[in-house]
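Peer 1: Give me a model of this one.
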Amino acid sequence: DHSDVVGEVTEATEADVATAMANAQKAMQGWSRWTPGERATSLERAADIMQSEMPVLLGLIMREAGKSMPNAIAEVREAIDFLRYYADQARLTLGVAHKPLGPVVCISPWNFPLAIFSGQVAAALVAGNAVLAKPAEETPLIAAQAVRILHEAGIPADALQLLPGDGRVGAALVGAPQTCGVMFTGSTEVARLIQAQ
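Peer 2: This is a model prediction of the structure:
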């Protein structure tokens, strides 16, 4: 229902991207010092919060992304599973000598706006990287809820920043000299542009 106004979003500008990158670099000094176990505990808290807020998340994802109820349930469950999975993997595989890459850009698609978004962000965060998350321009509201939940679970605000917008925001993030890694799920055409940049 295109007449249903779900919410409003302010899209990031190039100046916002530059500020976010500077904040992410500063955040690396503190966030990377957290042990893998401490970072994993934050992801587990986020999974618990997401589980407790499932009815609200279901309503939002159905309205914003047009998901059916069964698809919405599967999507939120998958996001929760990603948070728990990466927490477990951090405990199993990351030792104290692990070195994070640095600021990582996560660009997620509209068709799995919570699950893929949460999985990308969780994987990068638990490895000690600051994350600059750019959701699909069609579904920024559910991504904003995921970020709010992760912050509530203890992830520092500068270690996880949401930068909604169109491809220009993504290009500015990918092209920033401070970017140390990009996680992208989407078309092959855009992936090739990202790889070239």
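Peer 1: Helix, strand or coil: sort out residue 161 for me.
Peer 2: strand (DSSP: H, G, I helix; E, B strand; the rest coil).
Peer 1: For residue 143, see how far away it is.
Peer 2: To residue 143, residue 161 is 12 Å away according to C-beta to C-beta, to the nearest Å. In short, each C-beta sits where N, CA and C put it, glycine included.
Peer 1: of these two, who's got more company?
Peer 2: Neighbour count, other C-beta atoms under 10 Å: between residue 161 and residue 143, residue 143 has more, with 25 against 22.
Peer 1: contacting residues for that one?
Peer 2: With contact set as C-beta atoms under 8 Å, 6 or more residues apart in numbering, residue 143 has these partners: 108, 113-114, 117, 133, 135, 162, 164.
Peer 1: any idea how far the helix or strand where it lies is from the chain center?
Peer 2: Per DSSP states H and E: residue 143 is located in helix 140-152. On the basis of C-alpha atoms, centre = their mean, to the nearest Å, helix 140-152 sits 8 Å off its chain's mean C-alpha point.
Peer 1: which parts of that helix are buried?
Peer 2: Buried residues in helix 140-152, counted by 16 or more other C-beta atoms under 10 Å: 140-147, 149-151.
Peer 1: hmm, back to that, pull the most distant pair out of the contacts of residue 143.
Peer 2: Within the contacts of residue 143, two members stand farthest from each other by C-beta to C-beta: 114 and 164, at 14.4 Å.
Peer 1: shared neighbours, residue 161 and residue 143?
Peer 2: With C-beta under 8 Å, 6+ apart as the test, residue 161 and residue 143 both reach residue 133.
Peer 1: Tell me the bridge partners for the closest residue to residue 160 other than its chain neighbours.
Peer 2: Closest residue in space to residue 160, ignoring its immediate chain neighbours: residue 131 at 5.0 Å, by C-beta to C-beta, 6 or more residues apart in numbering. Beta-bridge pairing of residue 131 under DSSP bridges involves residue 104, residue 160.
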